[in-house]
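Undergrad: Could you work out the structure for the sequence below:
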Amino acid sequence: MKLTVVTLLFFGAAFADPPNLDESIETLATGNRLFNTAVYKETLKTNKGNIIFSPFSAATVLSLASEGAKNVTKSELIEALHLSAESEKNQEAFKQLLPKLSIQTPYVSLLSANKIYADDGVTLEDAFKKIAVNIYRSDVENVKFAENIEAAIRINRWVEDQTRRKIKNLIESDEINADTVLVLVNALYLRADWFHPFTKSSTHPQKFYRTTSDFKEVDMMHNVALFGYYENTELNTRFINLRFKYEGLSMVIALHNEIEGITTLQDNLEEVFKSQPWKPEFVDLKLPKFSISSSINFVNILRALGVEKIFDEAQADLSGLSTNRKNLYVSNVVQKAFINVTEIGSEAAAASAIMIQTRSGHMIGPNRKIFHADHPFIFYIKYHDVILFTGRYTF
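TA: Numbering: from 1, shown residues only. Predicted structure coming up:
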């Protein structure tokens with residue numbers, strides 16, 4: 001039998017940091033940042049080009065699964081996610097945070113939704129179901145996984161609806177069968193406009209340098225406005241905070257001053273992803289229009305982070321998920337992600353899945369700062385201090 005967990009994220013886009021979140025969420029944000037850094041480091045081992053992934057998407061779905069894990073299986077997962085060893089603290093953080101990820105304004109559309117698909121005849125443990133419904137705000141629906149094509153269509157249709165068609169065919173029909181027990185899905189969608197949008201007439205072809213000797217032309221957007229700005233002289237890096245039209249939502253870009261300096265950034269990711277001491281500055285900003293999509297298998301990443309038992313048929317303990325289906329283990333963890341950055345804003349989407357089986361040009365003045373992202377940079381999208389998306393653009 002299998003358990004599949006899916007999380008989805010979709011973004012649209014825009015100096016001083018907004019007010020802090022509740023203490024419980026701040027603790028979650030700290031773990032989120034550490035997990036994000038660890039995943040980025042592991043992703044580098046197999047990906048040399050553009051990167052996009054959602055640490056929040058993966059962490060949410062894995063955290064939900066951990067509510068049914070016990071003993072070493074649970075502790076390994078909690079440690080890898082950098083969550084509190086006290087489940088109640090994690091639950092309180094998600095209980096406080098998830099409702100905040102539900103916004104509808106003319107400029108921002110943000111929604112968070114969770115769903116559990118359970119095979120006919122499967123009974124969820126009362127404690128797990130209570131947490132899933134009351135903490136993770138999850139609905140529960142029964143399906144017949146033996147009818148794998150129809151089951152996959154139903155799940156994928158829900159995923160597409162939640163992500164406005166940005167994530168399609170997340171679950172392949174051959175990934176589920178009569179042994180599938182549960183599919184856990186978390187979907188998070190965001191469309192937001194930039195607080196300072198770019199003017200399309202200011203977008204022009206310009207050289208983007210992958211290295212000092214390798215460059216190509218890209219559509220480079222241009223804007224001059226008041227942004228959150230910070231220069232880290234020790235890291236030889238400039239940071240800029242691009243706000244969206246909703247308090248607490250922003251994209252941060254880290255640009256090393258040297259064309260080939262992204263290696264230095266990636267050797268100091270803890271500094272890159274921590275909260276920066278923003279100062280409002282007029283900035284002459286150039287940023288490429290870009291789209292990135294990716295598919296990441298999280299199994300090897302999680303193994304590298306010390307998660308072993310959950311993948312072991314003989315040793316996994318997920319006995320807290322179901323009253324009548326025990327001896328479960330995780331067979332696969334995958335994520336699909338997407339981002340599109342334009343003059344108006346950015347769009348992004350991510351989906352993560354866990355399979356569990358049984359043992360079988362403006363002039364402001366002379367003091368304006370220059371931030372021309374014409375060589376590789378790291379970016380991340382955050383809600384307050386919670387990192388939702390992370391990526392690297394190398395062209």
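
Undergrad: Pull out the buried residues from the strand or helix carrying residue 226.
TA: Assessed by DSSP states H and E, residue 226 sits inside strand 215-232. Residues of strand 215-232 classed as buried: 215, 218, 220-225, 227-230, 232 (neighbour count, 16 or more other CB atoms under 10 Å). C-betas here are computed from N, CA, C, even on glycine.

Undergrad: Run me through the strand neighbours of it, direction for each.
TA: strand 204-209 (antiparallel), strand 237-243 (antiparallel), strand 279-288 (antiparallel) (DSSP bridges).

Undergrad: Point out the most buried one among the ones you listed.
TA: Ranked by mean neighbour count, the strands paired with strand 215-232 are led by strand 237-243 with a mean of 23 (mean count of other CB atoms under 10 Å).

Undergrad: Quick one: mean pLDDT for it?
TA: Averaging pLDDT along strand 237-243 yields 98.

Undergrad: For that strand, list the C-alpha coordinates in PDB.
TA: C-alpha atoms of strand 237-243 as PDB (Å, rounded to 0.1, in the frame of the first residue of the first chain):
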ATOM      1  CA  THR A 237      27.400  40.600  -2.200                       C
ATOM      2  CA  ARG A 238      24.400  42.900  -2.700                       C
ATOM      3  CA  PHE A 239      20.900  42.000  -1.500                       C
ATOM      4  CA  ILE A 240      17.600  43.500  -2.700                       C
ATOM      5  CA  ASN A 241      14.100  43.000  -1.300                       C
ATOM      6  CA  LEU A 242      11.400  43.200  -3.900                       C
ATOM      7  CA  ARG A 243       8.000  43.600  -2.200                       C
END
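
Undergrad: Run through who's touching that strand.
TA: Strand 237-243 is contacted by residues 13-15, 194-196, 227-232, 249-257, 261, 264-265, 272, 276, 278, 283, 285, 369, 371 when judged by CB atoms under 8 Å, 6 or more residues apart in numbering.

Undergrad: Out of those, which sit inside strands?
TA: 227-232, 249-256, 283, 285, 369, 371 (DSSP state E).

Undergrad: Could you pull out the helices in this protein for me?
TA: With DSSP state H as the criterion, the chain has helices at 23-44, 55-66, 71-81, 87-97, 126-134, 148-162, 262-266, 269-273, 298-304.

Undergrad: Output the below-cut-off pLDDT ranges for this protein.
TA: By pLDDT under 70, the low-scoring segments of the chain are 1-21, 351, 353, 355-366.

Undergrad: And the residue nearest the centre of it?
TA: Among the residues of the chain, the one closest to the centroid is residue 54, at 1.7 Å (CA atoms, centre = their mean).

Undergrad: That one is in contact with residue 336, isn't it?
TA: No. Judged on CB atoms under 8 Å, residue 54 makes no contact with residue 336 at a distance of 9.6 Å.

Undergrad: quick revisit: of all the helices of the chain, which one comes closest to residue 325?
TA: Judged by CB to CB, the one of these that comes nearest to residue 325 is helix 126-134, at 11.9 Å.

Undergrad: Can you name every helix or strand that the closest one contacts?
TA: Applying 3 or more CB pairs under 8 Å, 6 or more residues apart in numbering; DSSP states H and E, one finds that helix 126-134 contacts strand 138-143.

Undergrad: Just give me the neighbour total for residue 267.
TA: Residue 267 has 12 neighbouring residues, counting by other CB atoms under 10 Å.

Undergrad: no, scratch that, I was asking about residue 319
TA: 17.

Undergrad: excluding its backbone neighbours, what's nearest it?
TA: residue 326 (5.2 Å; CB to CB, 6 or more residues apart in numbering).

Undergrad: surely the one you found meets residue 317?
TA: No. Between residue 326 and residue 317 there is no contact under CB under 8 Å: 9.2 Å.

Undergrad: Those two: which is more packed in?
TA: residue 317 (19 against 14).

Undergrad: Can I get stretch 178-189 as PDB, trimmed to CA atoms?
TA: C-alpha atoms of stretch 178-189 as PDB (Å, rounded to 0.1, in the frame of the first residue of the first chain):
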ATOM      1  CA  ALA A 178      -4.200  -1.600  -5.100                       C
ATOM      2  CA  ASP A 179      -1.400  -1.300  -2.400                       C
ATOM      3  CA  THR A 180      -1.900   2.400  -2.100                       C
ATOM      4  CA  VAL A 181      -3.300   3.400   1.300                       C
ATOM      5  CA  LEU A 182      -3.400   7.200   1.400                       C
ATOM      6  CA  VAL A 183      -2.500  10.300  -0.700                       C
ATOM      7  CA  LEU A 184      -1.800  13.400   1.400                       C
ATOM      8  CA  VAL A 185      -1.900  16.600  -0.600                       C
ATOM      9  CA  ASN A 186      -1.000  20.200   0.400                       C
ATOM     10  CA  ALA A 187      -1.600  22.900  -2.100                       C
ATOM     11  CA  LEU A 188      -0.500  26.500  -1.800                       C
ATOM     12  CA  TYR A 189      -1.200  29.100  -4.500                       C
END
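
Undergrad: Okay, buried residues for it please.
TA: For stretch 178-189, by 16+ other CB under 10 Å, it's 179, 180, 181, 182, 183, 184, 185, 186, 187, 188, 189.

Undergrad: what's around the closest residue to residue 236 other than its chain neighbours, how many residues?
TA: The shortest distance from residue 236 to any non-neighbouring residue, by CB to CB, 6+ apart, is to residue 257 (4.9 Å). For residue 257, the neighbour count with other CB under 10 Å is 14.

Undergrad: so what's residue 257 up against?
TA: Here residue 257 is in contact with 236, 237, 238 (criterion: CB under 8 Å, 6+ apart).

Undergrad: and this structure, what are its domains?
TA: The chain resolves into domains spanning 3-193+291-358, 200-288+362-393 when parsed by automatic domain parsing.

Undergrad: so what's residue 154 up against?
TA: Neighbouring residues of residue 154 by CB under 8 Å, 6+ apart: 117, 143.

Undergrad: hang on, the earlier thing: what residues are up against the residue nearest to the centre of the chain?
TA: Per CB under 8 Å, 6+ apart, neighbours of residue 54: 7, 9, 335, 337, 348, 350, 352, 388, 389, 390.
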